[in-house]
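Visitor: Build me a model:
(one chain, ligands or ions: 1)
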Amino acid sequence: MRLPVRITGVGGYLPPRTLTNEELAKQVDTSDEWIFSRTGIRERHIAGPDETSSTMGIEAARVALASAEVDPADVDVIIVGTSTPDGMFPASATRIQHGIGATNAGAFDVNAACAGFLHALSAGAQYVASGSAQRVLVIGSETMSRILDWTDRGTCVLFGDGAGAVLLEYAGPDELGGIDSLLLRSDGSQASSLYADGPCTPALAGARAEAHIVMDGQAVFRSAVTGLANAAADAIAEAGLSVDDIALCIPHQANVRIIQAVAKSLSLPMDRVFVNLDRTGNTSSASIPLALAEACATGRLQPGDRILFAAFGGGLSWGAAVMQWSGVRAAHASGVPVARVTGAPTTA
Ligand code: UT7
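Guide: Have a look, this model is predicted:
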């Protein structure tokens, strides 16, 4: 069933400091050749000492609101997908609410690891579709660098920091936009293949919690390919469309080999698949909205295009969605896409 919801604004933020594969090779036993050939990643961005998931989310949200030409006071709900909130509580969403001056908004976080944005999008779309909210900011923001074991070469080379945001508004029957299908899946029996303990984990009680990502890379790789390919195929079928109708697939940016395998399984040519992980690494919940912001800013999307989102992460949690791109408001007005990714690409 089509949800009458469109994306009217989009923005992204990447912290200025980049960390290249060559720099990593000075810290752990790895190489640019290994990382690039196994993952497609060349570099990732790392949050500065004062940056958090909420400060980066604020930057991305400001761009999204500017591109939608919407005043922060007119936002009704803010939902943040993050597994790296500033603290246990309050929600990073409330810090973002304050930071952008969304004085009339409710705000909460959702945690579905790397699939966080898709889960937040699902929740936000229901508010708009039901009419209980007019404008919902959906954000993915992550400070993965703070939960990495920087001595574990199997994980520390994979992740990066950043934030992306979209504004959701109602799509009338005669307007472009609309979510054709959106499905979420989970399998908690595989929780131990990808997790990060925290201060409430019994084994860490009373100790100074050292929360870091633990992953069985090969198991997650296999599950990701199968889960993403099945979810994407189901979402396309549920939308009543075929792969030929998909103008651009924007998948979670974890590993280009996963993305290529999924595209092959769907018979989707890679020139219709957006990949930016070479410059971002895996930014978890932020990866899809960051990629969407870049796709929009670089002219990869035209109003009317069908987009396929597909995400996968710890939980295991995954899902896919098909929606129609309606374009962002400021881009319509000026003819120039203003949805952009901010943050200066300089190496510290
Ligand atoms: O967002 C969702 C969450 N995460 C993912 O989607 C990640 C899913 N998994 C993956 O992307 C891949 O499994 C990895 C990139 C993590 C690993 O690639 P792989 O091709 O599955 O490598 P592997 O784990 O089979 O390891 C192959 C070899 C091992 O050495 P031996 O046992 O063959 O001697 C590893 O110790 O590569 C070694 N290795 C490394 N070597 C250099 C593992 N990490 C590194 C490294 N540099 N960074």
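Visitor: what's the pLDDT at Gly198?
Guide: Looking at Gly198, its pLDDT stands at 85.
Visitor: Hmm, it is touching Leu204, no?
Guide: Yes: assessed by CB atoms under 8 Å, Gly198 is found in contact with Leu204 at 7.3 Å. Backbone N, C-alpha and C define where each C-beta goes, glycine included.
Visitor: Identify the contacts common to those two.
Guide: Counting by CB atoms under 8 Å, 6 or more residues apart in numbering, the shared contacts of Gly198 and Leu204 are Ala211.
Visitor: For the stretch 51-200 of the chain, just list every one of the strands.
Guide: 77-81, 106-110, 136-143, 161-170, 179-186, 194-196 (DSSP state E, counting those that start in this stretch).
Visitor: and the fourth one with strand 179-186, angle?
Guide: Inter-element angle recorded for strand 161-170 and strand 179-186: 130 degrees (by axes from the mean of the first three to the mean of the last three CA atoms, to 10 degrees).
Visitor: gap between strand 161-170 and the chain center?
Guide: 9 Å (CA atoms, centre = their mean, to the nearest Å).
Visitor: How about it and the ligand, touching?
Guide: No: applying CB under 6 Å from any ligand atom, one finds strand 161-170 separated from the ligand by no less than 13.7 Å.
Visitor: Renumber starting at 36 from here on
Guide: Right, with 36 as the first residue, what we last looked at is strand 196-205.
Visitor: Direction included, what does that strand pair against?
Guide: Pairing partners of strand 196-205, with direction, according to DSSP bridges: strand 40-48 (antiparallel), strand 171-178 (antiparallel).
Visitor: Out of those strands, flag the one nearest the ligand.
Guide: Among the strands paired with strand 196-205, strand 171-178 comes nearest to the ligand, with 10.6 Å by CB to the nearest ligand atom.
Visitor: Pro125: how many residues sit nearby?
Guide: Neighbour count of Pro125, defined by other CB atoms under 10 Å: 16.
Visitor: cool, and Gln225?
Guide: 17.
Visitor: Who are the contact partners of it?
Guide: So Gln225 contacts 254, 258, 350-351 (CB under 8 Å, 6+ apart).
Visitor: Turn the strands paired with strand 196-205 into CSV, including mean neighbour count and distance to the ligand.
Guide: Shown next, in CSV, are the strands paired with strand 196-205 (neighbours: other CB atoms under 10 Å; distance: least, CB to the nearest ligand atom, whole Å):
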stretch, mean neighbour count, distance to the ligand
strand 40-48, 28, 18
strand 171-178, 32, 11
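Visitor: Tabulate the ones you listed (TSV), appending mean pLDDT.
Guide: TSV is the format used below for the strands paired with strand 196-205 (pLDDT from 0 to 100):
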stretch	mean pLDDT
strand 40-48	96
strand 171-178	98
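Visitor: ok, and the closest non-adjacent residue to the residue of the stretch 236-383 of the chain found nearest the ligand?
Guide: For the stretch 236-383 of the chain and the ligand, the shortest gap (CB to the nearest ligand atom) falls at Gly252, measuring 3.0 Å. Leaving aside its sequence neighbours, Gly252 sits nearest to Gly189 (CB to CB, 6 or more residues apart in numbering; 5.8 Å).
Visitor: Would you confirm that the one you found contacts Gln253?
Guide: No: Gly189 is beyond contact range of Gln253, at 10.0 Å (criterion: CB under 8 Å).
Visitor: right, and Ala238 touches Ala246 too?
Guide: No: using CB under 8 Å, Ala238 is not in contact with Ala246; the gap is 11.6 Å.
Visitor: Narrow the contacts of Gln225 to those in strands?
Guide: Assigned to strands by DSSP state E, none of the contacts of Gln225 qualify.
Visitor: List buried members of those by neighbour count.
Guide: In the contacts of Gln225, burial by neighbour count holds for 258, 350-351, counting by 16 or more other CB atoms under 10 Å.
Visitor: re earlier: can I get the strands paired with strand 196-205 in CSV including distance to Ala266?
Guide: Conversion of those to CSV gives the following (distance: least, CB to CB, whole Å):
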stretch, distance to Ala266
strand 40-48, 19
strand 171-178, 18
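Visitor: neighbour-wise, which of Ala238 and Ala246 wins?
Guide: Ala246 (16 against 7).
Visitor: show me what contacts the more buried one?
Guide: Counting by CB under 8 Å, 6+ apart, Ala246 makes contact with 182, 231-234, 239.
Visitor: One more pass at 10 Å, please.
Guide: The contact partners of Ala246, taken as CB atoms under 10 Å, 6 or more residues apart in numbering, are 119, 181-182, 184, 230-234, 236, 239.
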